[in-house]
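A.B. asks: Generate a structure from the sequence data that follows.
(2 chains)
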Number of protein chains: 2
Amino acid sequence: MKLKRYKKEFAHAYTMGTSPTIELLKTKPELVLKVIVHSKLVPGEGLQRIRTYIDRHGIRHEQNDRLIESLWPKRDCFVIGVFSKYAPALDDGADHVVLVNPRSAGNLGTVIRCMVAFGFHDLALIEPAADVFNPSTIRSSMGALFSVRFQHFPSITEYATRHAAHRLYPFMTTGRSTLEQTAFTQPYSVLFGNESSGLPGEYEMLGESVRIAHAAAVDSLNVAITAGITLHHLCRSSHAKVQDPGHVS
Amino acid sequence: MKLKRYKKEFAHAYTMGTSPTIELLKTKPELVLKVIVHSKLVPGEGLQRIRTYIDRHGIRHEQNDRLIESLWPKRDCFVIGVFSKYAPALDDGADHVVLVNPRSAGNLGTVIRCMVAFGFHDLALIEPAADVFNPSTIRSSMGALFSVRFQHFPSITEYATRHAAHRLYPFMTTGRSTLEQTAFTQPYSVLFGNESSGLPGEYEMLGESVRIAHAAAVDSLNVAITAGITLHHLCRSSHAKVQDPGHVS
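C.D. replies: Residues are numbered from 1 along each chain as shown, chains lettered A, B, ... in the order given. Prediction:
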């Protein structure tokens, strides 16, 4: 197989850089097709961990500077993991994050990183949506993508029908209650709109709409910020979500 | 003056797009040199507001499609404001946000938007730092830049000396207390590190270090997310910061 710059229609995708490649090797070793290393990759803890996983799972690997530079011309990445795409299904018993028509790969990755940080592992994407396997998504998720289940739905109606037990909480600048006033009944789905337009007005009818109180001087918050504040709040109000590893000195 | 694509050394800068240009005209009309409009700018509330400010302040304006396309080749912007750069000083009595060596213009703009949303109006930048006047910073701030005072400092020591009454709260993954455990004594400065490395270890000694509790599965949070969660938390714990405009239907 000759490797080319990533396109959405490929059956495989790439992790660009040390952290996402380690996450891939740690969580999805069975999907890894190959690891490509650049001669400039600095020996250190990261490279050592990559080598350990490669040996443990008998993963193909090669050193190939030109291939790395052709796959990721930004020249700030010295290791690439190549893996087969996969299509997990959501856990119907878990709380969900629902992103409606996210556009930016960077924001999508940032939301995924927040999800894992605050104990959420199920992501519904309402199409059209930015590509979860885009190298920029994976890179801004820092590889957290491999720790979430994600599933695409053609419409919010389709999603709501499939997960009928979930209570829907659409986040809108016109939301009825603030984040702190809202009692989230599990299993729940928190819904966020896209970067430019937020959620359309009709989402108000789908569930209990929520707003994050802020000064009128700004029209709205960035979607990743809204999701970050929300998931942090929900994590703190539910002790089951994650354990704080505590102070490390 | 012949206008050219933005460079950091220019004495002027640009707002790209309707929202940032409206914010510029609303908050800093005396600094506006010119407004350039594209023939594709859709008539509507935005254009009407721009016209009102132009008339009120007698601001120069022209329609010039080629100039807009040469200043911002992305072709997703149909109005540009040209303004003189300025150098505000921080309010020594107010709480401060301190960004240490921020690298990404997008993240910097997102943090500024969060600041205004949650009632913070003073930003210290420890150099080297991304350019506040970069069109991408202004764009991701949605023009909130014009509602904050910002000042550059060559080092954190210089900053701390100038604002000796401020208590410093460096945010670090190894922070001693969680955000919720920390009592913030006013006037305070919340310090955030950059995208790739966070704050260096010695910042631990500068003040009371803080962490945002999250799962060990991710190494750290994105800096804009950390700032967003923090400023939201501080805003909620201090009623003076902002008034929630409430539910709008």
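
A.B. asks: Run through chain A and note the low-pLDDT ranges.
C.D. replies: Scanning chain A for pLDDT under 70 picks out the ranges A:239-241, A:243-249.

A.B. asks: Now residue A:162, what are its backbone angles?
C.D. replies: For residue A:162, the backbone dihedrals (degrees, to the nearest 10) come out as phi -70, psi -30.

A.B. asks: host element of residue A:111?
C.D. replies: Here residue A:111 sits within helix A:105-117, counting by DSSP states H and E.

A.B. asks: And that helix, how far out from the chain middle?
C.D. replies: Offset of helix A:105-117 from its chain centre (Cα atoms, centre = their mean, to the nearest Å): 4 Å.

A.B. asks: what about it and chain B, touching?
C.D. replies: Yes - on the criterion Cβ under 8 Å from any Cβ of the partner chain, helix A:105-117 is in touch with chain B at A:106, A:110, A:113, A:114, A:116, A:117. No exception for glycine: its C-beta is placed from N, CA and C like everyone else's.

A.B. asks: okay, now the last one: neighbour count?
C.D. replies: Burial measure for residue A:117: 28 neighbouring residues, criterion other Cβ atoms under 10 Å in any protein chain shown.

A.B. asks: got a list of what it touches?
C.D. replies: A:144, A:231, A:242, B:214, B:215, B:217, B:218, B:221 (Cβ atoms under 8 Å, 6 or more residues apart in numbering or on different chains).

A.B. asks: hmm, try it at 7 Å
C.D. replies: Contacts for residue A:117 (Cβ atoms under 7 Å, 6 or more residues apart in numbering or on different chains) come out as B:214, B:215, B:218, B:221.

A.B. asks: how close does the spatially closest residue to residue A:41 that is not a sequence neighbour get to chain B?
C.D. replies: Nearest residue to residue A:41, sequence neighbours excluded (Cβ to Cβ, 6 or more residues apart in numbering or on different chains): residue A:78, at 3.9 Å. Applying Cβ to the nearest Cβ, to the nearest Å, the value for residue A:78 to chain B is 14 Å.

A.B. asks: And for residue A:148?
C.D. replies: Distance from residue A:148 to chain B, counting by Cβ to the nearest Cβ: 10 Å.

A.B. asks: what kind of secondary structure is residue A:6 in?
C.D. replies: Put simply, residue A:6 is coil when judged by DSSP: H, G, I helix; E, B strand; the rest coil.

A.B. asks: Count the residues that sit near it.
C.D. replies: Using other Cβ under 10 Å, residue A:6 has 19 other residues around it.

A.B. asks: same thing with residue A:179?
C.D. replies: Residue A:179 has 22 neighbouring residues, counting by other Cβ under 10 Å.

A.B. asks: Spit out the contact partners of it.
C.D. replies: Applying Cβ under 7 Å, 6+ apart to residue A:179 gives the contacts A:210, A:212, A:230, A:233.

A.B. asks: which bits of chain A sit near chain B?
C.D. replies: Neighbours of chain B within chain A, by Cβ under 7 Å from any Cβ of the partner chain: A:110, A:113-114, A:116-119, A:142, A:144, A:147, A:174-176, A:178, A:180, A:212-219, A:221-222, A:224-225, A:228-229, A:232, A:236, A:242, A:244-245, A:247-249.

A.B. asks: Run through who's touching the helix or strand containing residue A:54.
C.D. replies: According to DSSP H and E, residue A:54 maps onto helix A:45-57. By Cβ under 7 Å, 6+ apart, the residues outside helix A:45-57 that reach it are A:18, A:21, A:22, A:25, A:26, A:29, A:35, A:41, A:61, A:79.

A.B. asks: out of these, which is most surrounded?
C.D. replies: So for those (other Cβ under 10 Å), the most neighbours sit at residue A:21, 29 neighbours.

A.B. asks: Give me the distance from the helix or strand harbouring it to the chain's centre.
C.D. replies: Under the criterion of DSSP H and E, residue A:21 resides in helix A:18-27. Distance of helix A:18-27 from its chain centroid, counting by Cα atoms, centre = their mean, is 14 Å.

A.B. asks: Who are the packing partners of that helix?
C.D. replies: Applying 3 or more Cβ pairs under 7 Å, 6 or more residues apart in numbering or on different chains; DSSP states H and E, one finds that helix A:18-27 makes contact with strand A:32-37, helix A:45-57, strand A:79-84.
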